[in-house]
Structures are given as C-alpha cells and as structure tokens.
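Q: got a predicted structure plus its sequence, pasted below:
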Amino acid sequence: MFKIIMFVRKKASLTKEEFIKLWEAHSQKVIKYKEILLIKDYTKTFPFFSTDEKSATQRETLPFEFDAMGELWYEHKEDFIQARNTLEGQKALADLREDELKFVDMAFSVMWLGTEERIFDENR
C-alpha cells in the first residue's frame, strides 16, 4: 500500500480541544472525498502524553514534539497520482488544504510519502 504520513503540530492559537474538534470536522471532509481521491483508509493517532512534557520517550529517543499523526492509505501510488490529476480531485484537495490551514501549523508539521511493507496483519 502507498501512504501519506503526517506528523501534525496544531496552530499555537488553538487549545488541544479546539484542535481535536477542527480535525474531527476535517475528517468528515476526508470521508466525503474518499472515493474521488481513491483513499482506502484514514487514521489519526494522538500521543498519550502532552507535548509540554520534557521527558524523553521510550528507549531514550527524542521527545515526540507533535500533537498528532495522520495517515492516508492508497491501494497503489498510481491511484494517489491519478486522483490528483482529475478536476474533481483537484477541487477536493483544494477544499481539504483550505480546511487544514485552520488547525495545522504547516511550518512545523512533517509530511512524507512511502510504500508500506506489512510484515503481518491479523485482520487479513
């Protein structure tokens, strides 16, 4: 599967609760556009701890300095590209991007694309 992963920093002007509420509304838009954009799966993950905590995470790694993580799955990279090359897809992406700018601090968030290699999946 091809996927987009984004480590998200919320806008500094938002509380955690406001951020979550705006992302919940955004998720409804992702659901609305999933067929146009050929999205197979969408998840959000929130850390157990506050980003204000200064202690290191497990295994002496750096502290996690993001407010959440979002993931979008596509069957193939070609689906991802194809959806973005249609007029409907471009309109959907523009709407989603405009919405993201309400709650995501893009300058301090990280997005990357890659191919997932599943080692095992008990649901399949």
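A: Now that the structure is in, tell me what you want to look at.

Q: show me what stretch 116-124 is in contact with.
A: By C-beta atoms under 8 Å, 6 or more residues apart in numbering, the surrounding residues in contact with stretch 116-124 are M1, F2, K3, W73. (C-beta placed from N, C-alpha, C; glycine too.)

Q: so F66 sits against V8, correct?
A: Yes. The criterion here is C-beta atoms under 8 Å, and F66 meets it with V8 at 5.9 Å.

Q: higher neighbour count, the two?
A: Between F66 and V8, counting by other C-beta atoms under 10 Å, V8 is the more crowded of the two (23 against 18).

Q: that older thread, just the buried members of the contacts of stretch 116-124?
A: The neighbour-count test (16 or more other C-beta atoms under 10 Å) marks F2, K3, W73 as buried among those.

Q: after the longest helix that the chain contains, which helix or strand is next?
A: Ordering each helix of the chain by length in residues (DSSP state H) puts helix 16-33 first. Next helix or strand after helix 16-33 toward the C-terminus (DSSP states H and E): strand 41-45.

Q: nearest residue to the middle of the chain?
A: G70 (2.5 Å; C-alpha atoms, centre = their mean).

Q: tell me who's in contact with the spatially closest residue to that one that is not a sequence neighbour.
A: Spatial nearest neighbour of G70, chain neighbours left out: M6 (4.8 Å); criterion: C-beta to C-beta, 6 or more residues apart in numbering. Counting by C-beta under 8 Å, 6+ apart, M6 touches M69, G70, E71, S109, V110, M111, W112.

Q: could you say which helix or strand contains the closest residue to the last one other than its chain neighbours?
A: The spatial neighbour of W112 that comes closest, neighbours along the chain excluded (C-beta to C-beta, 6+ apart), is I5 at 5.7 Å. Counting by DSSP H and E, the secondary-structure element that holds I5 is strand 2-8.

Q: neighbouring strands of that strand in the sheet, and parallel or not?
A: Using DSSP bridges, the strands paired with strand 2-8 are strand 68-74 (antiparallel), strand 110-115 (antiparallel).
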